[in-house]
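**Student:** got a structure for you, letters missing:
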């Protein structure tokens, strides 16, 4: 009797491989992949090639988006994994639950308040279970921060300062891809910051109430480049001699993985993975500042910049008994341009506790292996391995997914209007 849990994956791009590699290798005794669903047959064929040649799995059947219902009926999966473009997440999440499946979705859960409400209503209506893949919760240093706060090391948390720096490899990459159109991604305050806002919710055990934000496109985009005196422009990197001299240019044909996943698949859907970061049509911000007030009266000050010389972040928690400072440097990377273990991998980390009236001390944290500060393999074990008791309750459900994106969605609305936004005005939690 086959007791393996059965999965299908919607979206066969870079993030899908994170899941299908794990199913085909480490968790092949507990899990089985049955099918891919994507609008691009070339990309699905390449995913099958990776599945068989790199991971020793069996090729799976492929379906186009208009065959989604047919796929669920034919394959009868237990769980649908959603790794498609962000603005389509809600379609597959909702339909999967309506057809009797549970869901694992890549972050962000969705990109705006209306789609978020539709997902919350679908969970309530169908009773299905949903997980949001917040790998950063599982990074050992992030879990340690949760432990210190939960154990009352610095007492009640009154404020958090959180500064995230994206560099000119990783940060720039959002401006080459579909993420550069805010309709697709919700901008970086949704697509990227959902990680960060979720961590704050997770760390301090509170919910966002009021959000105020500013944001600009200050560095990327043609107009900003022209202000700095740039006169040579190009539409895409691959094969363009101007781009070869540009440190921001990406040559898809020089990386076999990117070539087969994206360049060779262009003829089907026209998607260009290597657009110029100094081109027209960018509608997301690269410079953002946010203030959030939580239901426990804590205040978050947050900044995100996407063009800095190094990758990492600084966090400070201020409490009634002292202060915790975290400083993390991460390895620079281009999405799907190298080993998945390099994505968000640690370079250095430190956690220092400053108790009131006592000497500060550094907290030892065991380095985690794997991507996202060592969080990736722990998340995968939690998703596909045998269930284990987790004191820190790191598994994120649809409510966690909603609360993380609602801070970013409210920040986007605040940027548009210049006014503070009350999170309760955006959706109704039943």
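**Tutor:** The structure has been received and is ready for your questions. Here the structure is a predicted model, which is why all the values come from computation and not from measurement. Residues are numbered from 1 along each chain as shown.

**Student:** ok, for residue 56, nearest residue in space, not its chain neighbours?
**Tutor:** residue 24 (6.6 Å; CB to CB, 6 or more residues apart in numbering). Just so you know, the C-beta spots here come from the backbone N, C-alpha and C atoms, and that holds for glycine as well.

**Student:** What is the neighbour count of the one you found?
**Tutor:** Applying other CB atoms under 10 Å, we find 22 other residues in the vicinity of residue 24.

**Student:** Tell me the spacing between it and residue 40.
**Tutor:** 21 Å (CB to CB, to the nearest Å).

**Student:** got the contact list for residue 44?
**Tutor:** 12, 36, 38, 62 (CB atoms under 8 Å, 6 or more residues apart in numbering).

**Student:** what about 10 Å?
**Tutor:** 9, 11-12, 16, 35-38, 60-64, 265 (CB atoms under 10 Å, 6 or more residues apart in numbering).

**Student:** Quickly list the domain ranges of the chain.
**Tutor:** 5-134, 136-220+282-373+395-425, 222-269 (automatic domain parsing).

**Student:** how about the ones you listed, which one is nearest residue 387?
**Tutor:** With distances scored as CB to CB, the stretch of these nearest to residue 387 is domain 136-220+282-373+395-425 (9.4 Å).

**Student:** Quick check: end-to-end length of the closest one?
**Tutor:** 28 Å (CA to CA, to the nearest Å).

**Student:** on that earlier part again, may I see the domains of the chain arranged in a markdown table, with mean pLDDT and distance to residue 383 as well?
**Tutor:** Shown next, in a markdown table, are the domains of the chain (pLDDT from 0 to 100; distance: least, CB to CB, whole Å):
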| stretch | mean pLDDT | distance to residue 383 |
| --- | --- | --- |
| domain 5-134 | 97 | 6 |
| domain 136-220+282-373+395-425 | 94 | 9 |
| domain 222-269 | 96 | 23 |
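
**Student:** need those domains in CSV with distance to residue 388, can you?
**Tutor:** Output for the domains of the chain, formatted as CSV (distance: least, CB to CB, whole Å):
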stretch, distance to residue 388
domain 5-134, 13
domain 136-220+282-373+395-425, 10
domain 222-269, 33
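
**Student:** Residue 382: which of the ones you listed is closest?
**Tutor:** Minimum separation from residue 382 across the domains of the chain (CB to CB) falls at domain 136-220+282-373+395-425, 6.1 Å.

**Student:** Tell me the buried residues in stretch 15-29?
**Tutor:** 15-24, 26-28 (16 or more other CB atoms under 10 Å).

**Student:** With stretch 113-129 instead?
**Tutor:** Per 16+ other CB under 10 Å, stretch 113-129 contains these buried residues: 113, 115, 116, 117, 119, 120, 122, 123, 126, 128.

**Student:** give me every residue that touches residue 151.
**Tutor:** Per CB under 10 Å, 6+ apart, neighbours of residue 151: none.

**Student:** Go ahead and list the helix or strand containing residue 248.
**Tutor:** Using DSSP states H and E, residue 248 sits within no helix or strand.

**Student:** Identify the residue nearest it in space, chain neighbours excluded?
**Tutor:** Nearest to residue 248 is residue 277, by CB to CB, 6+ apart, at 5.0 Å.

**Student:** what's the answer for residue 99, then?
**Tutor:** Closest to residue 99 by CB to CB, 6+ apart is residue 72, at 4.6 Å.

**Student:** doesn't residue 79 make contact with the one you found?
**Tutor:** No. Contact criterion CB atoms under 10 Å: residue 72 and residue 79 do not qualify, at 11.1 Å.

**Student:** Need the residues touching each of those two.
**Tutor:** With CB under 10 Å, 6+ apart, residue 72 and residue 79 have common neighbours 8, 96, 101.

**Student:** Restricted to helices, list those.
**Tutor:** residue 96 (DSSP state H).

**Student:** Which member of the shared contacts of residue 72 and residue 79 is positioned nearest residue 295?
**Tutor:** Taking the shared contacts of residue 72 and residue 79 together and measuring to residue 295 by CB to CB, the closest member is residue 96, at 31.4 Å.

**Student:** Count the neighbours of that closest one for me.
**Tutor:** Under the criterion other CB under 10 Å, the count of neighbours that residue 96 has is 27.

**Student:** Residue 258 is in contact with residue 173, correct?
**Tutor:** No. Contact criterion CB under 10 Å: residue 173 and residue 258 do not qualify, at 11.1 Å.

**Student:** Which helix or strand contains residue 353?
**Tutor:** Counting by DSSP H and E, residue 353 is found in strand 346-355.

**Student:** Next, the contact list for the residue nearest to residue 248, please.
**Tutor:** 168, 171-177, 180, 219-222, 225, 237, 246, 248-250, 286, 306-307.

**Student:** any idea how far residue 134 is from it?
**Tutor:** Applying CB to CB to residue 277 and residue 134 gives a distance of 27 Å.

**Student:** now swap in residue 237 and tell me
**Tutor:** 32 Å.

**Student:** These two: who's more crowded?
**Tutor:** More crowded of residue 237 and residue 134, by other CB under 10 Å: residue 134, with 27 against 24.

**Student:** and that one, what is it in contact with?
**Tutor:** So residue 134 contacts 106-109, 142, 194-195, 198-199, 201-202, 372, 375, 379, 394-396, 400-401, 404 (CB under 10 Å, 6+ apart).

**Student:** Now it, what are its backbone angles?
**Tutor:** phi -90, psi 90 (degrees, to the nearest 10).

**Student:** can you give me the strands in the stretch 101-250 of the chain?
**Tutor:** Counting by DSSP state E, counting those that start in this stretch, the stretch 101-250 of the chain has strands at residues 102-105, 130-132, 157-167, 208-216.

**Student:** Of all those, which one is nearest residue 293?
**Tutor:** strand 208-216 (4.5 Å).

**Student:** residues of that closest one that come out buried?
**Tutor:** For strand 208-216, a neighbour-count test (16+ other CB under 10 Å) marks 208, 209, 210, 211, 212, 213, 215 as buried.

**Student:** Stretch 246-261 too?
**Tutor:** 246, 248, 249, 250, 251, 252, 255, 257, 258, 259, 260, 261.

**Student:** out of those, which are inside helices?
**Tutor:** Using DSSP H, the buried residues of stretch 246-261 in helices are 257, 258, 259, 260, 261.

**Student:** In CSV: these, plus distance to residue 385.
**Tutor:** Below are these laid out as CSV (distance: CB to CB, whole Å):
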residue, distance to residue 385
257, 27
258, 31
259, 34
260, 30
261, 28
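
**Student:** Thanks a lot, catch you later.
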